[in-house]
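Starting from these lines, generate the structure:
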Amino acid sequence: MLVSYNWLKDYVDLDGVTPEALADKITNAGIEVEHLTYNGAGLKGIVIGKVETCTSHPSADKLHVCEVNLGDETVQIICGAPNVAAGQKVPVAKVGARIAGNVKIKRAKLRGEVSNGMICSLAELGVDNNLVPKEYADGIFVFEDDVPVGENALPYLNLDDAILELDILPNSAHCLNMIGVAHEVGAVLNKKIKVPAVELTEDKEKAADHVAVHVEVADKVPYYGARSSTISRWHRHRAGCSSV
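This is a model prediction of the structure:
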């Protein structure tokens with residue numbers, strides 16, 4: 001079970017409890033934390049930029065010349081991503097930044113045009129390909145929310161997070177979901193958890209319109225209930241964590 005430290009903070013007050021200290025406390029309480037990893041480890045100099053203009057490179061069909069606002073300055077960046085366009089807010093590695101693989105970004109010339117940085121894909125920021133949304137698999141990442149230009153991009157990509165990998169044994173099945181882990185951590189830290197309020201709005205549709213269930217042993221399972229639900233998009237990008 002992979003548990004996001006940042007996500008867990010939505011349910012339990014972790015002020016003053018580092019990911020390392022939390023991992024030790026959970027392990028000592030009986031559920032082993034096998035690994036503690038940090039999303040975005042080694043990344044630096046990654047900010048939110050706004051593509052002000054985007055034109056075709058005069059000497060290369062597949063490259064674009066972009067003027068990118070970084071908050072404190074506007075720089076020219078050459079980008080080869082097919083989905084780059086004016087008006088986008090994107091993660092940018094400034095000159096001197098470090099991206100995945102400890103690669104340092106330098107000022108460069110691409111087919112005669114100066115490039116002062118890199119507009120990044122999620123893969124270039126170390127996000128596992130299996131976690132990259134399909135629409136960004138072959139290009140740069142584009143922020144959908146209203147994010148502040150010039151700010152550190154990592155918190156908005158949840159790449160400032162720590163991931164605790166819990167070894168869940170049969171007697172700890174209650175920790176196979178985030179709320180269950182929150183209850184466990186609340187008990188370990190002697191703190192109350194904050195369960196999010198759920199607003200339920202029912203319509204005329206029935207679950208039976210979407211799924212059919214046949215109970216083969218009716219005397220042992222006299223009733224089976226189901227609810228079809230739609231959950232609004234979670235604005236925080238949960239790269240690198242999972243739950244069931």
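
show me what contacts the spatially closest residue to N69 that is not a sequence neighbour?
Closest residue in space to N69, ignoring its immediate chain neighbours: K50 at 4.4 Å, by CB to CB, 6 or more residues apart in numbering. Using the backbone N, CA and C atoms, a C-beta is placed for each residue, glycine as well. The contact partners of K50, taken as CB atoms under 8 Å, 6 or more residues apart in numbering, are V68, N69, G87, Q88, K89, V90, V149.

Could you report the distance from the fourth one to S56?
For Q88, the distance to S56 under the criterion CB to CB, to the nearest Å works out to 16 Å.

Please identify which of the two sits among more neighbours.
When Q88 and S56 are compared for neighbours, Q88 comes out ahead with 19 against 11, by other CB atoms under 10 Å.

circling back to that earlier point, now the contacts of K50: which count as buried?
Buried members of the contacts of K50, counted by 16 or more other CB atoms under 10 Å: V68, N69, Q88, K89, V90.

Now do the buried residues in the longest strand along the chain.
With DSSP state E applied, the strand covering the greatest number of residues in the chain is identified as strand 44-57. Within strand 44-57, the residues that count as buried by 16+ other CB under 10 Å are G45, I46, V47, I48, G49, K50, V51, C54, H57.

the inter-axis angle of the next helix or strand after that strand versus strand 44-57?
Downstream of strand 44-57, the next assigned helix or strand under DSSP states H and E is strand 60-69. Orientation check (axes from the mean of the first three to the mean of the last three CA atoms, to 10 degrees): strand 60-69 against strand 44-57 gives 130 degrees.

tell me the mean pLDDT for whichever helix or strand comes after strand 60-69?
Downstream of strand 60-69, the next assigned helix or strand under DSSP H and E is strand 74-79. The average of the pLDDT scores along strand 74-79 is 98.

Parallel or antiparallel, which strands does the helix or strand just after strand 74-79 pair with?
For strand 74-79, the following helix or strand on the C-terminal side (DSSP H and E) is strand 89-99. Strands that pair with strand 89-99, judged by DSSP bridges, come out as strand 44-57 (antiparallel), strand 103-104 (antiparallel), strand 118-119 (antiparallel).

Could you tell me how far strand 89-99 lies from the centre of the chain?
Centroid separation for strand 89-99 versus its chain: 17 Å, with CA atoms, centre = their mean, to the nearest Å.

ok, back up a step: looking at the contacts of K50, which is nearest N39?
Lowest distance from N39 to the contacts of K50 (CB to CB) belongs to V90, with 18.5 Å.

what's the angle between the longest strand of the chain and strand 74-79?
70 degrees.

Sounds good, over and out.
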